[in-house]
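> Here's my sequence, what's the structure:
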Amino acid sequence: MKPITVLLADDHHIVRDGLRSVLEADGGIQVVAEASNGRIAIDLARKFRPDVVVMDIGMPVLNGLEATRQIRKAVPEAKVLILSAHNDWTYVDQVMALGAVGYALKQSSAHVLCQAVREVQNGFIYLSPSIARDRSNFGNPAAPRLDGIHRPVAKLSSREIEVIQLIAEGRANKQVAGDLGISVKTVEKHRQSLMKKLDIHDTAGLTRYAIASGIIESSVQLSTH
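Sure thing, here's the model as predicted:
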């Protein structure tokens, strides 16, 4: 029987090592590639066209939310399973709206993670038991706004999210241009457009917006300095 091919996307090498060991010990799952940020994940998804992408949310350069959206467009047959430490409905709703078909918690056991990979590959939607139980108990109410998240993906384009994340991580316009393969002048136009669209007037404000909106985590932003 053909193994389920998996792409791992997490910015911590030790986490990826652990995930690879857990998944490949199952016997029917093969990890074909690993990515340390969302941009690499998109490139590797295009190259390897895995059955399942196991995706972290908080990654540098490009976060898992935007990477999910772009992978679903570029490789629509790939199933995206989010593996996150965030146990709240806001994140679940965001990633599901972007095309993910599963949400597992990093606290999950090896057995649960392998089960999640198999379920999404077989066409089912997977939610960690605690999240599914909460939805059942509370009748699936509207998701609360936790941690200041207010769904920036509905307001910003993919390119704008890429630009604001890199700006918030402390990169200068020239570095952003190099990372994205565009001109410095184009970066400046995106920066001006972001400030006008969001009614923000300085880089510090863009950074606060990126953190509050879940585009980056505060720990990611601090680690780049």
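> Next, give phi and psi for the spatially most central residue of the chain.
Nearest to the geometric centre of the chain sits residue 64, at 1.1 Å (CA atoms, centre = their mean). In this entry, residue 64 is assigned phi and psi values of phi -70, psi -30 (degrees, to the nearest 10).
> That one and residue 28, how far apart?
25 Å (CB to CB, to the nearest Å). Placement of C-beta: from N, CA and C, glycine included.
> on that earlier part again, tell me, what's the model's pLDDT at the closest residue to the residue nearest to the centre of the chain other than its chain neighbours?
Closest residue in space to residue 64, ignoring its immediate chain neighbours: residue 57 at 4.1 Å, by CB to CB, 6 or more residues apart in numbering. With respect to pLDDT, residue 57 has a value of 91.
> same deal with residue 90?
76.
> Against residue 198, how distant is it?
Counting by CB to CB, the separation of residue 90 from residue 198 is 19 Å.
> And for residue 1?
From residue 1 to residue 198 the distance is 50 Å (CB to CB).
> higher neighbour count, those two?
The neighbour comparison of residue 1 against residue 198 (other CB atoms under 10 Å) goes to residue 198, with 17 against 5.
> For that one, give me its contacts.
155, 205-206, 209 (CB atoms under 8 Å, 6 or more residues apart in numbering).
> tell me the pLDDT at it?
pLDDT, residue 198: 90.
> Same check on the one 4 residues further on?
Reading off the confidence values, residue 202 has pLDDT 91.
> what does the helix or strand residue 113 falls within contact?
Assigned by DSSP states H and E, residue 113 belongs to helix 110-121. For helix 110-121, contacts defined as CB under 8 Å, 6+ apart pick out 4, 6, 19, 22-23, 25-26, 28-29, 51-52, 54, 79, 81, 83, 101-102, 104, 108, 125-126, 128-129.
> quick one: buried residues of the helix or strand harbouring residue 191?
Residue 191 belongs to helix 184-198 when assigned by DSSP H and E. The neighbour-count check on helix 184-198 (16 or more other CB atoms under 10 Å) flags 186-187, 190-191, 194-195, 198 as buried.
> Now do the strands in this protein.
4-9, 29-35, 52-55, 79-84, 102-105, 126-127 (DSSP state E).
> Same list (the ones you listed) but as CSV, adding distance to residue 181 and mean neighbour count.
Converted to CSV, the strands of the chain look like this (distance: least, CB to CB, whole Å; neighbours: other CB atoms under 10 Å):
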stretch, distance to residue 181, mean neighbour count
strand 4-9, 21, 25
strand 29-35, 18, 19
strand 52-55, 23, 28
strand 79-84, 24, 25
strand 102-105, 31, 24
strand 126-127, 35, 20
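> and these as CSV, adding distance to residue 214?
Listed next are the strands of the chain as CSV, based on distance: least, CB to CB, whole Å:
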stretch, distance to residue 214
strand 4-9, 16
strand 29-35, 19
strand 52-55, 14
strand 79-84, 11
strand 102-105, 14
strand 126-127, 19
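> What distance do you get for residue 167 to residue 23?
35 Å.
> Going along the chain, name the helices of this protein.
Per DSSP state H, the chain carries helices over the ranges 13-25, 38-48, 64-74, 89-97, 110-121, 129-137, 158-168, 173-180, 184-198, 203-212, 218-223.
> residue ranges with poor pLDDT in the protein?
134-154, 218-225 (pLDDT under 70).
> Mind doing that once more with 80?
Applying pLDDT under 80 to the chain flags residues 88-90, 130, 132-155, 213-214, 217-225.
> on that earlier part again, would you mind getting the angle between the helix holding residue 191 and helix 203-212?
Put simply, helix 184-198 runs at 70 degrees to helix 203-212, going by axes from the mean of the first three to the mean of the last three CA atoms, to 10 degrees.
> That concludes my questions; thank you for your assistance.
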